[in-house]
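Colleague: no sequence for this one, just the structure:
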């Protein structure tokens, strides 16, 4: 079980899991290669002047960009953007973890930006606008951003449908006259929620039993 999955609430599940596109590694690889080459050339030149062991010195100094590159790789591996049936989660950190989440209910709009190259290589930026202006703001160089955005919007709609059903069920429960007329329809709608995967079979059975007990 991953770190994020241990943070999931009851009946919460991961729908989509993405991270930054591998394209983000191109500039990092270039920087690391330039640093290794420069250190090697300068070390060999200095060793020729001071008669020191050029190879050992170059290897020691080259550990600096290598360690930097490995640390960036671990950061990339541990930074994930996740859509659940309740929220959007951003987790980062190899040793010390940092988790930012934003409830689907608070999301007002999602802006997708893809360049021509981004469309070819399937990456882009997602800007998430929330009512509170807190939480996740922008996901840069996200891999498969279209899939992520569609999953997020579908999850938001599904959460709204489920909330609407609960409101109608609660309203029916407050009035015996209304509840008996509405219970068959509520059970039918509840079964549809189950078929769409918005609630689990156990939730369906528990809610259906509570409705039937009102008859």
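Modeller: Received it, and whenever you're ready, just let me know what you need. Nothing here was measured: the structure is a model prediction, and the numbers come from that model. Numbering: from 1, shown residues only.
Colleague: what strand or helix carries the closest residue to residue 73 other than its chain neighbours?
Modeller: Counting by CB to CB, 6 or more residues apart in numbering, residue 25 is the residue found nearest to residue 73 once chain neighbours are left out, at 8.0 Å. All C-beta spots, glycine's among them, are computed from the backbone N, C-alpha and C. In this structure, residue 25 sits in helix 25-50 according to DSSP states H and E.
Colleague: how far does that helix sit from its chain's centre?
Modeller: 37 Å (CA atoms, centre = their mean, to the nearest Å).
Colleague: what is the helix or strand that that helix is followed by packed up against?
Modeller: The C-terminal neighbour of helix 25-50 among helices and strands, as given by DSSP H and E, is helix 54-78. The contact analysis (3 or more CB pairs under 8 Å, 6 or more residues apart in numbering; DSSP states H and E) places helix 54-78 against helix 25-50, strand 87-92.
Colleague: report the angle between the axes of helix 54-78 and helix 25-50?
Modeller: 160 degrees (axes from the mean of the first three to the mean of the last three CA atoms, to 10 degrees).
Colleague: show me the contact partners of helix 54-78.
Modeller: 19-20, 24-25, 28-29, 31-32, 35-36, 39-40, 43-44, 46-48, 91-94 (CB atoms under 8 Å, 6 or more residues apart in numbering).
Colleague: need the buried ones from those residues selected in ChimeraX.
Modeller: Buried subset of the contacts of helix 54-78, written as a ChimeraX selection, criterion 16 or more other CB atoms under 10 Å:
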select :19,20,32,35,36,39,40,43,47,91,92
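Colleague: and the helix holding residue 25, what's its mean pLDDT?
Modeller: Averaging pLDDT along helix 25-50 yields 72.
Colleague: which helices and strands does it pack with?
Modeller: helix 54-78.
Colleague: what's the average pLDDT for the helix it packs on?
Modeller: Throughout helix 54-78, pLDDT has a mean value of 77.
Colleague: repeat that for stretch 184-199.
Modeller: For stretch 184-199, the mean confidence score works out to 71.
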